[in-house]
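Q: this one's structure only:
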C-alpha cells in the first residue's frame, strides 16, 4: 500500500501522479501543422505551374487562330465534348478576318476550377483563359476554355469579341446596296 499524503485520512488512497504528456501534444501539433503547411504549399506550387502552362498554351492557340485560322473540327486540340461543324468554323474565321491582322497580343490570365456533376460532361478540371488583342481595325478579347480530358488539356470553347463593331456595319452597307439593286456590278476588294 502506498503512503497517503500528510493530513489525509488513512482510508484515502492517493494514486501516483501521472507524467505530463504536454510535450508530446506540442510536438504532435507542430508536426501536424508542418504537414498541412507542406501540403498547402505543394498544392499552391502545382496550381501556379498549371496556370502558367495554360497561359502559355492559350497565347500559342490564340496566335494560331488569329494568324492561320480556326483549326478544322477533326483537329486533336478539341475536346471530345465539343461538337462543332466546319460551317461554324468558317463563319468564325470570316468574322475574325474582317478585323484585319493582329498587331499586338496581351498577357493571358487564367482561372482554374474543378467540378463534379452527375452529368459527366459538366465534371472535370477546367481552365478559362482570356487575353486582349489589338487588330488593324479594333481591339478585342479572346477567351479560350480548356478542359482536362484523360490527363490532356483540350479546347472546349473559343470566343473572340471585338469592341468596334462598326467595321462589320461598314462592310454590310455595300452588301445591302447590292442586294437592293441586283443589276449593279459586284464590288471587288483590290488588296
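A: Alright, I've got the coordinates. Small disclaimer: the values here were computed from a predicted structure and weren't measured.
Q: make it CA atoms for all contacts and neighbour counts henceforth
A: Noted.
Q: and the lengthiest helix in the chain, average pLDDT?
A: Longest helix of the chain, by residue count under DSSP state H: helix 22-68. For helix 22-68, mean pLDDT is 84.
Q: which helices and strands sit right next to it?
A: In this structure, helix 22-68 makes packing contacts with strand 102-105, strand 109-115, strand 124-135, judged by 3 or more CA pairs under 8 Å, 6 or more residues apart in numbering; DSSP states H and E.
Q: kindly recompute the last result at 7 Å.
A: With contacts defined as 3 or more CA pairs under 7 Å, 6 or more residues apart in numbering; DSSP states H and E, the secondary structure elements packing on helix 22-68 are strand 109-115.
Q: what's the angle from the strand it packs on to helix 22-68?
A: Relative orientation of strand 109-115 versus helix 22-68 (axes from the mean of the first three to the mean of the last three CA atoms, to 10 degrees): 120 degrees.
Q: for the spatially most central residue of the chain, what are its contacts?
A: Central residue of the chain (CA atoms, centre = their mean): residue 127, 1.9 Å from the mean position. For residue 127, the contacting residues are 110, 111, 112, 113, 145, 146, 147, by CA atoms under 7 Å, 6 or more residues apart in numbering.
Q: try 8 Å
A: For residue 127, the set of contacting residues under the criterion of CA atoms under 8 Å, 6 or more residues apart in numbering consists of 54, 110, 111, 112, 113, 145, 146, 147.
Q: doesn't residue 129 make contact with the second one?
A: Yes: if you go by CA atoms under 8 Å, residue 110 and residue 129 touch, sitting 4.1 Å apart.
Q: what residue ranges in the protein are flagged as low confidence?
A: Within the chain, the stretches with pLDDT under 70 are 1-14, 45, 47-48, 167-191.
Q: try 80
A: Judged against pLDDT under 80, the low-scoring parts of the chain cover residues 1-20, 40-52, 116-123, 164-191.
Q: where do the contact lists of residue 110 and residue 129 overlap?
A: With contacts defined as CA under 8 Å, 6+ apart, the residues adjacent to both residue 110 and residue 129 are 54, 55.
Q: can you count the residues close to residue 139?
A: Number of residues near residue 139 (other CA atoms under 10 Å) recorded here: 17.
Q: make that residue 91, sorry
A: Residues within reach of residue 91, counting by other CA under 10 Å, total 11.
Q: what's the answer for residue 93, then?
A: The local packing count at residue 93 equals 17, with neighbours defined by other CA under 10 Å.
Q: what's the answer for the one 4 residues further on, then?
A: A count of neighbours around residue 97, defined by other CA under 10 Å, yields 14.
Q: got CSV for the contacts of residue 127, with distance to residue 18 and neighbour count too?
A: Listed next are the contacts of residue 127 as CSV, based on distance: CA to CA, whole Å; neighbours: other CA atoms under 10 Å:
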residue, distance to residue 18, neighbour count
54, 58, 23
110, 57, 21
111, 55, 13
112, 53, 16
113, 51, 10
145, 62, 19
146, 60, 26
147, 58, 26
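Q: and of these, the nearest to residue 119?
A: Of all the contacts of residue 127, the one sitting nearest residue 119 is residue 147; the distance, using CA to CA, is 14.8 Å.
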